[in-house]
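Asker: The following comprises the amino acid sequence and a computationally predicted model.
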Amino acid sequence: MKILTAQEMSEADRRSVEMGVPITTLMENAGAAVAKFCLRHYANEGTVVVLCGKGNNGGDGFVAARHLAQAGRTVRVVLLGFVSDVKGEAAAALERTTPQPDVEVLEAQSEEDLEAALDGAALIVDAVVGTGFKPPLRGLALAVRDLLAKTAVPVVAIDLPSGWDADSLEQKAEAFRADAVVTFVAPKLAHVFGHLTPGKTFGPVVVAPIGTPEAAVVSQTELHWAGASKALTEVPRDINGNKGKFGHVLILGGGYGKAGAPSMASLAALRAGAGLVTAAVPREILPTVASIAPELMLEPLGHETEGLSLELLEEEKLGSLLKGIKVVGIGPGLGQEGTTPEFVRGFVERVTLPMVIDADALNALAGHTSLLRDVVKKAEMAGKPRTIVLTPHPGEMARLAGMTVKEVEADRIGLARRFATEHGVTLVLKGWRTLIAHPDGRIAVNTAGNPAMAKGGSGDILTGIVTAMLGQHPDDVARAVESAVFLHGLAGDFATLVQEEHTVLATDTVGHLYEAFRSRVIDADGFTWIAGVAANHNKEQG
Ligand SMILES: NC(=O)C1=CN([C@@H]2O[C@H](COP(=O)(O)OP(=O)(O)OC[C@H]3O[C@@H](n4cnc5c(N)ncnc54)[C@H](O)[C@@H]3O)[C@@H](O)[C@H]2O)[C@@H](O)CC1
Ligand SMILES: [K+]
């Protein structure tokens with residue numbers, strides 16, 4: 001599912017018309033979708049107040065009002081202006097709505113009018129402005145924003161909360177409050193980079209199909225939504241699958257006082273469906289790591305104090321370590337003692353298995369990233385392309401790229417794309433939002449996860465999940481990595497729903513992976529949930 005700019009959205013509208021789907025149809029489908037969402041997710045009694053602007057966003061509101069009235073709701077349409085100001089498609093939609101007996105239409109001219117109109121509302125639909133927003137918010141819309149801020153009545157925004165700039169990567173506080181957003185055709189940048197309620201887990205942001213032909217949707221942003229790749233995990237596992245088929249993966253990590261990281265990565269790899277997981281860790285911490293799960297197999301590495309010895313890179317030692325292994329996750333808790341960094345570089349050079357490089361293994365590559373480009377090129381020449389996935393947080397990215405964290409955060413999309421394409425690797429750049437940049441330059445944006453996950457261990461379990469997904473889907477690297485990142489965030493969302501943002505531990509998140517796998521991003525109405533999947537799943541489960 002592509003992520004569009006407002007410009008690309010209006011071009012999609014234009015192409016739709018050229019392809020025989022008129023705006024009237026799009027508006028009718030849009031309004032009907034909004035009404036369906038409201039009827040399914042919000043209380044089914046009390047007055048629905050539909051706040052309408054004079055443009056087509058308002059037009060969607062008129063259509064939604066008609067459907068809500070036909071479903072038996074008492075509906076109050078509040079126009080910010082005069083009916084005579086409404087033109088074109090929106091005016092036609094208003095015509096189709098006004099004969100409804102239970103739809104009253106008020107023309108609001110002042111804050112008092114608005115206050116009176118909102119009185120007694122059980123649900124508010126924000127159809128004031130959508131992609132036609134020209135900042136800054138002005139006139140009566142300002143009064144509406146302030147009134148909505150003072151009420152707790154649920155607000156469903158059509159297309160965008162009014163005051164959101166569709167193309168913005170972060171939202172300004174001037175926008176209308178919204179508890180849910182129903183947008184159309186595809187998410188816009190604001191839907192995946194903004195967040196409804198700053199500091200709280202997402203409200204629902206859903207994408208409704210409205211009949212726009214697929215061919216009409218063209219995007220130059222080269223950005224798409226990572227959640228669509230979850231479909232990869234929704235294919236029932238092969239009934240005559242076996243441990244080997246689902247991949248035997250190796251987690252290589254651990255060091256002095258860092259038994260937890262490889263333990264968590266291994267546990268997460270098991271929970272994410274790997275057939276077999278072996279943890280290769282220094283001898284001293286082996287019993288501790290083994291205690292995380294009896295299902296885990298162990299391989300002793302050298303001694304933690306002097307770091308990993310280069311002898312481990314010898315042919316037969318490496319051969320026996322990697323016997324039967326499909327994918328390696330290297331780095332959790334590895335440390336940087338002694339020869340460890342040199343070991344990591346030697347490992348990346350010699351081992352051609354798909355690998356996920358995280359944490360201290362990433363630090364070992366800082367200043368040596370040309371090694372990545374070289375080994376990828378060498379493998380390509382040999383006709384056996386290599387799969388290398390890096391999973392840096394901004395600090396590790398800064399060291400890898402030789403920049404400051406501030407510089408990394410200043411242009412996350414550009415940097416991720418450049419690094420991935422220049423080195424021929426898949427780069428998972430963690431943060432808000434986590435980006436998955438593929439070697440071909442395409443970038444997926446993850447919209448699952450929440451601040452509760454900014455805690456020790458979160459990265460280790462992501463490494464485990466990515467490693468396990470690659471082991472199960474070696475021929476679909478892009479979607480294996482995208483689904484792993486999305487499932488990781490989704491599990492964190494489920495954990496936060498039953499706990500609280502301060503208390504969730506990385507191992508709790510692992511414990512909620514089953515809900516993440518079980519949930520669906522497309523609901524019974526055909527709406528795609530860009531955000532709010534966890535809450536909706538729990539609601540649907542009743
Ligand atoms: N494929 C799609 O996305 C479709 C889009 N449609 C709707 O059409 C909308 C776009 O319609 P328009 O282009 O007519 O524009 P909008 O309706 O989004 O915005 C124009 C209206 O917003 C007001 N406005 C603009 N900036 C403002 C500001 N800073 N402060 C206060 N008021 C402001 C204008 O006065 C005008 O009333 C979309 O958001 C969507 O809801 C649907 O009708 C059908 C298809
Ligand atoms: K709106």
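Answerer: Nice, thanks for sending it over. Ligands and ions are numbered 1, 2, ... in the order given.

Asker: what's the longest helix seen in the chain packed up against?
Answerer: Criterion DSSP state H: the longest helix present in the chain is helix 477-498. Judged by 3 or more Cβ pairs under 8 Å, 6 or more residues apart in numbering; DSSP states H and E, helix 477-498 is in contact with strand 426-429, strand 435-437, strand 443-445, helix 458-472, helix 506-511, helix 513-518, helix 533-541. Glycine gets a C-beta too; all of them are placed from N, C-alpha and C.

Asker: closest point of the stretch 251-400 of the chain to ligand 2, which residue?
Answerer: residue 394 (32.8 Å; Cβ to the ion).

Asker: The longest helix of the chain vs helix 533-541, what angle?
Answerer: Interaxial angle, helix 477-498 versus helix 533-541 (axes from the mean of the first three to the mean of the last three Cα atoms, to 10 degrees): 70 degrees.

Asker: Check the gap between residue 167 and residue 142 for me.
Answerer: Note on residue 167: its distance to residue 142, by Cβ to Cβ, to the nearest Å, is 22 Å.

Asker: Where do the strands of the stretch 51-200 of the chain begin and end?
Answerer: Remark: strands assigned in the stretch 51-200 of the chain by DSSP state E, counting those that start in this stretch are 75-80, 103-108, 121-127, 155-158, 180-184.

Asker: quick one on the thing from earlier: the more surrounded of residue 167 and residue 142?
Answerer: Neighbour count, other Cβ atoms under 10 Å: between residue 167 and residue 142, residue 167 has more, with 17 against 14.

Asker: Angles on the backbone of the more buried one, please.
Answerer: Backbone torsions of residue 167, given as degrees, to the nearest 10, read phi -100, psi 10.

Asker: Hmm, residue 191 and it touching each other?
Answerer: No. Look at residue 167 against residue 191 with Cβ atoms under 8 Å: they stay out of range, at 10.9 Å.

Asker: picking that back up, need the strands of the stretch 51-200 of the chain in TSV (columns: mean pLDDT and distance to ligand 2).
Answerer: What follows is the strands of the stretch 51-200 of the chain, written out as TSV (pLDDT from 0 to 100; distance: least, Cβ to the ion, whole Å):
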stretch	mean pLDDT	distance to ligand 2
strand 75-80	97	11
strand 103-108	93	16
strand 121-127	97	4
strand 155-158	96	5
strand 180-184	96	8
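
Asker: okay, these, which one's buried deepest?
Answerer: strand 155-158 (a mean of 29; mean count of other Cβ atoms under 10 Å).

Asker: need the contact list for the closest residue to ligand 1 within the stretch 151-300 of the chain.
Answerer: Ranked by Cβ to the nearest ligand atom, the top residue of the stretch 151-300 of the chain for proximity to ligand 1 is residue 159, at 3.7 Å. Residue 159 makes contacts with 30, 57, 60, 130, 131, 181, 182, 183, 184, as judged by Cβ atoms under 8 Å, 6 or more residues apart in numbering.

Asker: Skipping its backbone neighbours, what lies nearest it in space?
Answerer: residue 130 (3.6 Å; Cβ to Cβ, 6 or more residues apart in numbering).

Asker: What mean pLDDT does stretch 496-514 get?
Answerer: For stretch 496-514, mean pLDDT rounds to 95.

Asker: how about it as CSV, C-alpha atoms only?
Answerer: The C-alpha coordinates for stretch 496-514 follow below in CSV (Å, rounded to 0.1, in the frame of the first residue of the first chain):
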residue,chain,number,x,y,z
THR,A,496,0.6,-1.7,26.4
LEU,A,497,-3.2,-2.2,26.1
VAL,A,498,-3.2,-4.6,29.0
GLN,A,499,-0.4,-2.9,30.9
GLU,A,500,0.7,0.7,30.9
GLU,A,501,3.4,2.6,29.0
HIS,A,502,5.9,2.5,31.9
THR,A,503,5.6,-1.1,32.9
VAL,A,504,5.9,-3.1,29.6
LEU,A,505,9.1,-5.2,29.4
ALA,A,506,10.7,-6.5,26.2
THR,A,507,9.8,-10.0,27.4
ASP,A,508,6.2,-8.9,27.8
THR,A,509,6.2,-7.8,24.2
VAL,A,510,7.4,-11.3,23.2
GLY,A,511,4.5,-12.7,25.2
HIS,A,512,2.1,-10.8,23.1
LEU,A,513,3.5,-11.8,19.7
TYR,A,514,0.7,-14.4,19.3
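
Asker: and it, which residues are buried?
Answerer: Neighbour counts over stretch 496-514 (16 or more other Cβ atoms under 10 Å) mark 496-497, 501, 504-513 as buried.

Asker: try stretch 340-359
Answerer: Within stretch 340-359, the residues that count as buried by 16+ other Cβ under 10 Å are 340-348, 351-352, 354-359.

Asker: Show me how far stretch 169-181 is from its chain's centre.
Answerer: Centroid separation between stretch 169-181 and its chain, computed with Cα atoms, centre = their mean, to the nearest Å, is 18 Å.

Asker: Now do it: everything it contacts.
Answerer: If you take Cβ under 8 Å, 6+ apart as the criterion, stretch 169-181 is touched by 37, 41, 126, 128, 135-137, 141, 144-145, 148-149, 154-157, 159-165, 189-191, 193-198, 203-206, 532.

Asker: Could you do stretch 82-92 as well?
Answerer: For stretch 82-92, the surrounding residues in contact (Cβ under 8 Å, 6+ apart) are 23-24, 27, 54-56, 58-59, 62, 79, 94, 105, 107.

Asker: again, only this time at 10 Å
Answerer: 22-24, 26-28, 52-63, 77, 79, 93-95, 98, 105, 107-109, 127 (Cβ atoms under 10 Å, 6 or more residues apart in numbering).

Asker: residues from the protein in reach of ligand 2?
Answerer: Selection of the chain residues close to ligand 2 by Cβ under 5 Å from the ion yields 126, 130, 157, 158, 162.

Asker: one more time with 6 Å
Answerer: Taking Cβ under 6 Å from the ion as the measure of proximity, the chain contacts ligand 2 at 57, 126, 127, 128, 129, 130, 157, 158, 159, 160, 162.

Asker: Do I have it right that the third one meets residue 68?
Answerer: No. Under the criterion of Cβ atoms under 10 Å, residue 127 makes no contact with residue 68, lying 11.8 Å away.

Asker: Mind listing the shared neighbours of these two?
Answerer: Common neighbours of residue 127 and residue 68 (Cβ under 10 Å, 6+ apart) are 31, 34, 50, 77.

Asker: Tell me the one of those residues nearest ligand 1?
Answerer: Nearest to ligand 1 among those: residue 31, at 7.7 Å, using Cβ to the nearest ligand atom.

Asker: and that closest one, what is it in contact with?
Answerer: 50, 59-68, 93, 96-97, 125, 127, 158, 182, 210.

Asker: tell me the pLDDT at it?
Answerer: What the model reports as pLDDT for residue 31 is 98.

Asker: Using the three-state scheme, assign it.
Answerer: helix (DSSP: H, G, I helix; E, B strand; the rest coil).

Asker: Low-confidence stretches in the stretch 201-350 of the chain?
Answerer: 201-202, 304 (pLDDT under 70).
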